[in-house]
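K.L.:
fold the following for me, if possible:
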Amino acid sequence: MKKVLALLVIIALTVVVVGCGGGKDAPAFKDGTYEGSAPGFKGDVEVKVTVAGGKITKVEITKHGDTPGVSDPAIQQLPGKIVEKQGTEGIDAVSGATKTSEGILAAAAAALKNAKP
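P.N.:
Next comes the predicted model:
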């Protein structure tokens, strides 16, 4: 009797765990193109984030007023990092372009708020 009861408990727990695991297949973001802006070093930074198949596929900096040459490394590096990490969490600012980096990351985060399912 104890073996049957233990087996039923294991089956019930398995059903609960498998049933709760359905969120893993849910997309992280809604498909579409989203825009966001945030302060950079010399004005607002504007970005456009494209989501397809529930994943970030492209990040573009559409406008900024920051110093060319100084801001270029952040503008070149961060969009790819955002796509790679599928968000802005855990991405460090680019050295020498901290304010531009912060503006890009904040603008992307603002855009992605609208992409949440």
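
K.L.:
center of the chain - which residue?
P.N.:
Closest residue to the average C-alpha location of the chain: Gly87 at 1.7 Å, with Cα atoms, centre = their mean.

K.L.:
pretty sure it sits against Val51.
P.N.:
No: Gly87 lies out of contact with Val51 (Cβ atoms under 8 Å); the separation is 11.1 Å. C-beta: built from backbone N, CA, C; applies to glycine.

K.L.:
next helix or strand past the lowest-mean-pLDDT helix or strand in the chain?
P.N.:
Here the helix or strand of the chain ranked lowest by mean pLDDT, DSSP states H and E is helix 2-20, holding a mean of 46. As assigned by DSSP states H and E, the chain's next helix or strand after helix 2-20 is strand 32-39.

K.L.:
buried residues in that next one?
P.N.:
By 16 or more other Cβ atoms under 10 Å, the buried positions in strand 32-39 come out as 34, 36-38.

K.L.:
and the pLDDT at Ala26?
P.N.:
Turning to Ala26, the model gives it a pLDDT of 75.

K.L.:
the nearest residue to Ile91 once chain neighbours are set aside: what secondary structure?
P.N.:
Of all residues not flanking Ile91 in the chain, Lys81 sits nearest, at 5.1 Å (Cβ to Cβ, 6 or more residues apart in numbering). Recorded secondary structure, Lys81: helix (DSSP: H, G, I helix; E, B strand; the rest coil).

K.L.:
with Asp66 instead?
P.N.:
Looking at Asp66 with three-state DSSP, the answer is coil.

K.L.:
tell me if I'm right that it and Lys42 touch.
P.N.:
Yes: between Asp66 and Lys42 there is a contact under Cβ under 8 Å: 5.2 Å.

K.L.:
between these two, tell me which one has more neighbours.
P.N.:
Asp66 (22 against 15; other Cβ atoms under 10 Å).

K.L.:
next, the more buried one: phi, psi?
P.N.:
phi -80, psi 160 (degrees, to the nearest 10).

K.L.:
show me what contacts Lys99?
P.N.:
39-41, 66 (Cβ atoms under 8 Å, 6 or more residues apart in numbering).
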